[in-house]
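S.K.: give me a 3D structure for the following:
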Amino acid sequence: MGGPSVEHEVSLDTGRQIIENLNKERYLPVPVKISKEGKWILNGKFASYLSIFKKIDFALLAMHGEFGEDGKIQGLLDFHNIPYGGSGTAASALGMDKLKSRELFKLTGLTAPKMLHLRIGDNIPSLISFFTSKVVKFPVVVKPRSRGSSVGVSIADTEKSLQKAIQAAFKIDSDVLIEEYINGIEVTCGVLENFNNQKHFVLPVTQIIPVKSKFFDYKAKYKPGASKEITPAQIDELKYQKIQQTALTAHQVVGCRGYSRADMIIRNGSVYILEINTLPGLTKTSLFPQQAAAVGLSFSQLIDKIISNGTHTS
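M.R.: Reported below is the predicted structural model:
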């Protein structure tokens, strides 16, 4: 848990929740923290990751953002033959990359918002002028290409606010995405493998209603009471099934393993996929545990399933 990303504190929260709910009769937890500077900590002392790997049989990943969710820690564990929970190196890297995963979703036939990719050195004024006049209309969504938990994401209503949003996003990532703003119902849906006699069990859909934010931003995701979440979502059956099928398709095409959660928006009957989370949060306010609870899985049982999926490939 922890790590060098801006989601360090959320990761620690996920780690604490896992330790608290871990079945102590089945597992002996070895809490490992990684500092914001990338140093590994065991029992309050700095240690090499090689010495830590000798003490563990399985890595239960509670990390978010870069290094924890982008395939880097997964690659390190793969190299040292340590089994772990969640998706592998390639799927993790692809899921974190909003540009490449979005391109893949479209190739698979899924619907996604229109998007403009900006890099430092591009003729940005010309590109955004064309995009906001010929392709989409304001408002637009600005986001870093490779971050999670809606970090650095903002909605711009004017050219002036768009310039500020782009500058803020560039401070977080060297690639920035501007996308069409879809005004609709925000939903999310998880997939849990090898549950209820199904290889890919699609969990109930959650509808998200931010209370104080324009969208499901960082604060709405992690501050208790900042959003209203309804599981299962009160949506007509046809749309509900389409959301679940979208989550399943995204999970499979990215090559996820164990579990995942896809975020979407519904507008006029169309389901727009935004992104896939290859390592969904497991905090008190997280959505994946809520969906698991709706099908009778306690937090402790959910962790059991994540571990069993990571130790037995099928």
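S.K.: in this structure, which spans are strands?
M.R.: For the chain, the strands defined by DSSP state E occupy 32-34, 40-42, 45-46, 115-119, 140-144, 154-156, 175-180, 185-195, 198-210, 227-230, 259-267, 270-277.
S.K.: ok, the residue lying closest to L302 once chain neighbours are set aside - how many residues close by?
M.R.: Nearest non-adjacent residue to L302, counting by Cβ to Cβ, 6 or more residues apart in numbering: A292, 4.6 Å away. C-beta: built from backbone N, CA, C; applies to glycine. Residues near A292, counting by other Cβ atoms under 10 Å, number 26.
S.K.: do the same with G190
M.R.: G190: 25 neighbours (other Cβ under 10 Å).
S.K.: cool, and I155?
M.R.: I155, neighbours per other Cβ under 10 Å, totals 18.
S.K.: does it touch K143 like I think?
M.R.: No: between I155 and K143 there is no contact under Cβ atoms under 8 Å: 10.0 Å.
S.K.: quick one: mean pLDDT over the top helix by length along the chain.
M.R.: The residue-count maximum for a helix in the chain (DSSP state H) belongs to helix 237-254. Averaging pLDDT along helix 237-254 gives 97.
S.K.: centre of the chain to it, how far?
M.R.: 16 Å (Cα atoms, centre = their mean, to the nearest Å).
S.K.: can you list the domain ranges for this protein.
M.R.: 8-85, 93-110+183-311, 115-180 (automatic domain parsing).
S.K.: point out the most buried one among the ones you listed.
M.R.: domain 93-110+183-311 (a mean of 19; mean count of other Cβ atoms under 10 Å).
S.K.: wait, H64 touches E9, no?
M.R.: No: assessed by Cβ under 8 Å, H64 is found out of contact with E9, at 9.7 Å.
S.K.: give me the common contacts of those two.
M.R.: Between them, H64 and E9 share no contacting residue under Cβ atoms under 8 Å, 6 or more residues apart in numbering.
S.K.: all helices of the stretch 1-150 of the chain, in order?
M.R.: For the stretch 1-150 of the chain, the helices defined by DSSP state H, counting those that start in this stretch occupy 8-21, 49-53, 72-79, 89-96, 98-107, 124-130.
S.K.: closest to H200 out of those?
M.R.: For H200, the closest of the helices of the stretch 1-150 of the chain is helix 89-96, at 13.8 Å, according to Cβ to Cβ.
S.K.: re earlier: any idea which of the helices of the stretch 1-150 of the chain gets closest to K284?
M.R.: helix 8-21 (6.4 Å).
S.K.: what packs against that closest one?
M.R.: Applying 3 or more Cβ pairs under 8 Å, 6 or more residues apart in numbering; DSSP states H and E, we find helix 8-21 packed against helix 299-311.
S.K.: show residues contacting the helix it packs on.
M.R.: With contact meaning Cβ under 8 Å, 6+ apart, helix 299-311 is reached by 17-18, 21-23, 26-27, 58, 60, 83-86, 192-195, 257-259, 282, 288-289, 292-293, 297.
S.K.: spatially nearest residue to R16 (excluding sequence neighbours)?
M.R.: That would be M1: by Cβ to Cβ, 6+ apart, it lies 7.9 Å from R16.
S.K.: relative to Y240, how far out is E186?
M.R.: 14 Å (Cβ to Cβ, to the nearest Å).
S.K.: and what of N23?
M.R.: With distances taken as Cβ to Cβ, N23 is found 33 Å from Y240.
S.K.: got it, and L116?
M.R.: Distance of L116 to Y240, given as Cβ to Cβ: 31 Å.
S.K.: understood, closing this out.
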